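>>> please find the sequence and the predicted model below.
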Amino acid sequence: MTRGICLISAGHDDGADFAGLFTGCGLDVWTPQSVEDAGIYGAALCLVIDMAGEAGYRTLRLFRDYGITTPALLIVDPGSEVAISELNCGNVMDVIPRDASPLRIMRWIQSMVAARSVLDQAQRLSA
């Protein structure tokens, strides 16, 4: 099974190359054009939303309004992090400032890969 990340990124030009980070670790990176690209969300390990200002929070809410429940990581401007409990969006793993170590992001991705592997194995055993 393919392992991939849906990367939604716009509104800043600080050179963060999350797509390169993910592909360098052997993951596919999908960049959906709209929330209607529903076919890719179920196959994705998670959404990584990297947008400037409040755009990331608004985008996540839009995805949730469309019924997309794929777990998400929000990458935000340094200093604009909010507590996950304040988001009211569900399935948010973390809110990470853009200047954080890439290892912080990859720890979450690694956790998602492990969780998906366990779920896939459980499905195969129950079939």
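Sure, I can see it. Computed from a predicted structure; not experimentally measured. Numbering: from 1, shown residues only.
>>> please report how far Arg58 lies from Ala52.
Distance of Arg58 to Ala52, given as Cβ to Cβ, to the nearest Å: 11 Å. Where C-beta positions appear, they are placed from N, C-alpha and C, glycine not excepted.
>>> comparing the two, which residue is more hemmed in?
It is Ala52, of Arg58 and Ala52, that has more neighbours when counted by other Cβ atoms under 10 Å, with 17 against 12.
>>> so where do the strands sit in the chain?
Taking DSSP state E, the strands of the chain run over residues 4-10, 28-30, 44-51, 72-76, 92-97.
>>> so which of those strands comes closest to Asp120?
Nearest to Asp120, of all these, is strand 44-51, at 11.4 Å by Cβ to Cβ.
>>> and the longest helix for the chain?
helix 102-126 (DSSP state H).
>>> next, the angle strand 4-10 makes with it.
Counting by axes from the mean of the first three to the mean of the last three Cα atoms, to 10 degrees, helix 102-126 lies at 140 degrees to strand 4-10.
>>> in this structure, what helix or strand scores lowest on average pLDDT?
Using mean pLDDT, DSSP states H and E, the weakest-scoring helix or strand in the chain turns out to be helix 84-87, at a mean of 68.
>>> what about the residue lying closest to Leu60 once chain neighbours are set aside, neighbour count?
Closest residue to Leu60 apart from its sequence neighbours, by Cβ to Cβ, 6 or more residues apart in numbering: Cys89 at 5.1 Å. Number of residues near Cys89 (other Cβ under 10 Å) recorded here: 17.
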